[in-house]
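Chemist: just coords:
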């Protein structure tokens, strides 16, 4: 088994190219083409020629609404992508894996190995912190349930703060001045 050299792609740079769309973690055709060092047009051609390898849970095209939403999210962070006119193909983890069999290049294979490792790290992180995520969810639920009670307490405090209190009689020893 051949060991492939690690390219100079950091896990963080790959994570920044992974988006959450329709409940899937996906990568966009343009980003993948850049990583594979091929034109996006060529990547799409190969996918179209092999559509039977890409079921809907492996790859899908963004709807107009999803595309506009995605463009608005990336427009502020990456002006290079603002010129996108066509809705991109997005690939789930399994779709990215399938791309390596369709593209059949050494570059695609090396890049896919790194992408798969990044997806695995992300999944492990989520799994390792699952208890923390559950605890945060419990706290959010408790806060939302207690929100009405807290509002009542604050309204009572405000009522007491603005209520006019009559002056009190001074107590103690008084001298006549």
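Modeler: Nice, thanks for sending it over. The shown structure was predicted, so the numbers you read here are calculated from the model rather than taken from an experiment. Numbers count the residues shown, from 1 in each chain.

Chemist: Every contact and neighbour count from this point should use C-alpha atoms.
Modeler: Noted.

Chemist: For residue 133, give its distance to residue 119.
Modeler: Per Cα to Cα, to the nearest Å, residue 133 is found 19 Å from residue 119.

Chemist: what phi and what psi does the backbone show at the residue nearest to residue 57 when sequence neighbours are not counted?
Modeler: Nearest residue to residue 57, sequence neighbours excluded (Cα to Cα, 6 or more residues apart in numbering): residue 92, at 7.0 Å. Here is the backbone geometry of residue 92 (degrees, to the nearest 10): phi -80, psi 180.

Chemist: Now do residue 92: how many residues are near it, please.
Modeler: For residue 92, the neighbour count with other Cα atoms under 10 Å is 24.

Chemist: So it sits against residue 61, correct?
Modeler: No. The pair residue 92 / residue 61 is not scored as a contact, 11.4 Å apart, by Cα atoms under 8 Å.

Chemist: Which pLDDT value goes with residue 34?
Modeler: On the pLDDT scale, residue 34 is placed at 90.

Chemist: and the helix or strand hosting residue 101, which residues are buried?
Modeler: Assessed by DSSP states H and E, residue 101 sits inside helix 93-103. For helix 93-103, a neighbour-count test (16 or more other Cα atoms under 10 Å) marks 93, 95, 96, 97, 98, 99, 100, 103 as buried.

Chemist: tell me the contacts of the residue nearest to residue 57?
Modeler: Counting by Cα atoms under 8 Å, 6 or more residues apart in numbering, residue 92 makes contact with 24, 25, 26, 27, 57, 58, 59.

Chemist: ChimeraX command to pick out the buried ones of those?
Modeler: A single ChimeraX command selects the buried members of these (16+ other Cα under 10 Å):
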select :25,26,27,58,59
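
Chemist: What segments of the chain are helices?
Modeler: Along the chain, counting by DSSP state H, helices occupy 11-15, 29-36, 40-49, 64-75, 93-103, 106-128, 130-162.

Chemist: Now do the third one: distance to the chain's middle.
Modeler: Between the centre of helix 40-49 and the centre of its host chain there is 26 Å, according to Cα atoms, centre = their mean, to the nearest Å.

Chemist: And that helix, what's buried?
Modeler: Buried, per 16+ other Cα under 10 Å, within helix 40-49: 40, 43, 44, 47.

Chemist: What's the separation between the residue nearest to residue 57 and residue 156?
Modeler: With distances taken as Cα to Cα, residue 92 is found 53 Å from residue 156.

Chemist: same check, this time on residue 138
Modeler: Distance of residue 138 to residue 156, computed by Cα to Cα: 27 Å.

Chemist: Look at the residue most central in space within the chain and report its pLDDT.
Modeler: The residue lying closest to the centre of the chain (Cα atoms, centre = their mean) is residue 20, at 5.0 Å. Note on residue 20: pLDDT of 84.
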